[in-house]
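Participant: what shape does this take:
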Amino acid sequence: MAAGCATAPLERSGSLASYDNLTPSDGLLTKSQVRINKADVLAAKTARIEPTAFAVTAASQPFSDRQRSLIKNAMNRAMCLALSERFRIVAPTEAADLNVRAVITHIAPTDATAAGVSKVASVVPSIVAPGVPIPVPRLPIGLGSLSVEAEARDRSGNQQAAMIWARGANSFTSAPRASSDGDAYDLASAFGDDFGKMLVTGESPFGKVSAPPSIGSLQASLGGAPKEAICETFGRAPGLIGMAGERIGLPPDWTDRGAPANAVSEAAVTDQAGPPQTDQR
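Facilitator: Here you go, the predicted structure:
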């Protein structure tokens, strides 16, 4: 299986307030290092999501502004939906018990041509042998990857949780999309969900069986209204249309409208990450 996976480095960009006491906590497909003050995180009731940013090296990769915007928004949306399971999510102008910030440190584009060939190859068996399920692995060529570091800081700016996360697309579970941002877009959502779950449970999301999603979370993932209204800032999940688009290999921007225009203008930030900001209100 490793032969059909893209590699992603556990990059450190310097955006975290501290890298002390990070410990390895890998999943089946994910490499990660985590640190969490469980008691303090579980005591928190409110969370504020700061805009995801790109580290300088990641921002230099050949993606359009639209693609980078969709990737960042997919990450924040997944994080918001995951955090909503326990936290009240507040607006960017409000104070919160935890301030959450993620920085994309590495991003590798998908080879759109190879992904298109993989999608065509996966359709052929259904034509040759109708009704017979024949799994066809994706070509292990031009697979995308993503690395992210994120932290949650309390009202005084002290780090209460941190995660360095890296995952590459693979030939067996990653759906090929005919777009250079296809894998990064899907991986961004995976990271947002993983980091959100860590803050909700106070534990690493890896190495254990995850609890089933709540009804509200499931509805939101299918394009319904999120539990926390502020999550509408990131637009609604593509839902069934997005699933259908993924199945036939459509680019993310064909099915995901992204954040509403007014939300984009209010949260306009540069792609490059700056130092963490301390909430002293």
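
Participant: alpha carbons only for contacts and neighbour counts from here, please
Facilitator: OK.

Participant: quick one: low-confidence parts of this protein?
Facilitator: 1-3, 116, 118-136, 262-281 (pLDDT under 70).

Participant: please enumerate the strands of it.
Facilitator: 23-24, 30-36, 46-49, 53-54, 88-89, 98-108, 145-153, 159-168 (DSSP state E).

Participant: a markdown table for these, including mean neighbour count and distance to residue 239?
Facilitator: Listed next are the strands of the chain as a markdown table, based on neighbours: other CA atoms under 10 Å; distance: least, CA to CA, whole Å:
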| stretch | mean neighbour count | distance to residue 239 |
| --- | --- | --- |
| strand 23-24 | 14 | 33 |
| strand 30-36 | 21 | 24 |
| strand 46-49 | 23 | 22 |
| strand 53-54 | 24 | 25 |
| strand 88-89 | 22 | 22 |
| strand 98-108 | 27 | 24 |
| strand 145-153 | 27 | 23 |
| strand 159-168 | 26 | 23 |
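
Participant: which of these sits closest to residue 206?
Facilitator: strand 30-36 (8.4 Å; CA to CA).

Participant: in terms of secondary structure, what does the closest one contact?
Facilitator: strand 23-24, strand 159-168 (3 or more CA pairs under 8 Å, 6 or more residues apart in numbering; DSSP states H and E).

Participant: okay, those strands in CSV with distance to residue 150 next?
Facilitator: Shown next, in CSV, are those (distance: least, CA to CA, whole Å):
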stretch, distance to residue 150
strand 23-24, 14
strand 159-168, 5
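
Participant: do you know which of the ones you listed lies nearest residue 72?
Facilitator: Of all those, strand 159-168 comes closest under CA to CA, at 15.1 Å.

Participant: for the closest one, name the packing helices and strands.
Facilitator: strand 30-36, helix 38-43, strand 145-153, helix 182-201.

Participant: with only the CA atoms kept, save the second one in PDB.
Facilitator: Taking C-alpha atoms only, helix 38-43 is exported to PDB below (Å, rounded to 0.1, in the frame of the first residue of the first chain):
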ATOM      1  CA  LYS A  38      -6.500  17.800  28.000                       C
ATOM      2  CA  ALA A  39      -8.000  19.400  31.100                       C
ATOM      3  CA  ASP A  40      -7.700  23.000  29.900                       C
ATOM      4  CA  VAL A  41      -9.000  22.100  26.400                       C
ATOM      5  CA  LEU A  42     -12.000  20.200  27.800                       C
ATOM      6  CA  ALA A  43     -12.800  23.100  30.100                       C
END
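
Participant: can you list contacts of that helix?
Facilitator: Here helix 38-43 makes contact (CA atoms under 8 Å, 6 or more residues apart in numbering) with 98, 160, 161, 199, 200, 201, 202, 203.

Participant: which one of those sits closest to residue 220?
Facilitator: Of the contacts of helix 38-43, the one sitting nearest to residue 220 (CA to CA) turns out to be residue 200, at 17.2 Å.

Participant: now for the closest one, how many residues are close by?
Facilitator: 21 (other CA atoms under 10 Å).

Participant: same check, this time on the one 5 residues further on
Facilitator: Around residue 205 sit 21 other residues, with neighbours defined as other CA under 10 Å.

Participant: so what's the residue count around the nearest residue to it once chain neighbours are set aside?
Facilitator: Leaving out its chain neighbours, the residue that sits closest to residue 205 by CA to CA, 6 or more residues apart in numbering is residue 198, at 5.5 Å. Applying other CA under 10 Å, we find 23 residues neighbouring residue 198.

Participant: output the contacts of helix 38-43 as TSV; include the columns distance to residue 227.
Facilitator: Converted to TSV, these look like this (distance: CA to CA, whole Å):
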residue	distance to residue 227
98	18
160	25
161	24
199	17
200	15
201	18
202	20
203	22
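
Participant: max pairwise distance over these: which two?
Facilitator: 98 and 203 (15.8 Å).
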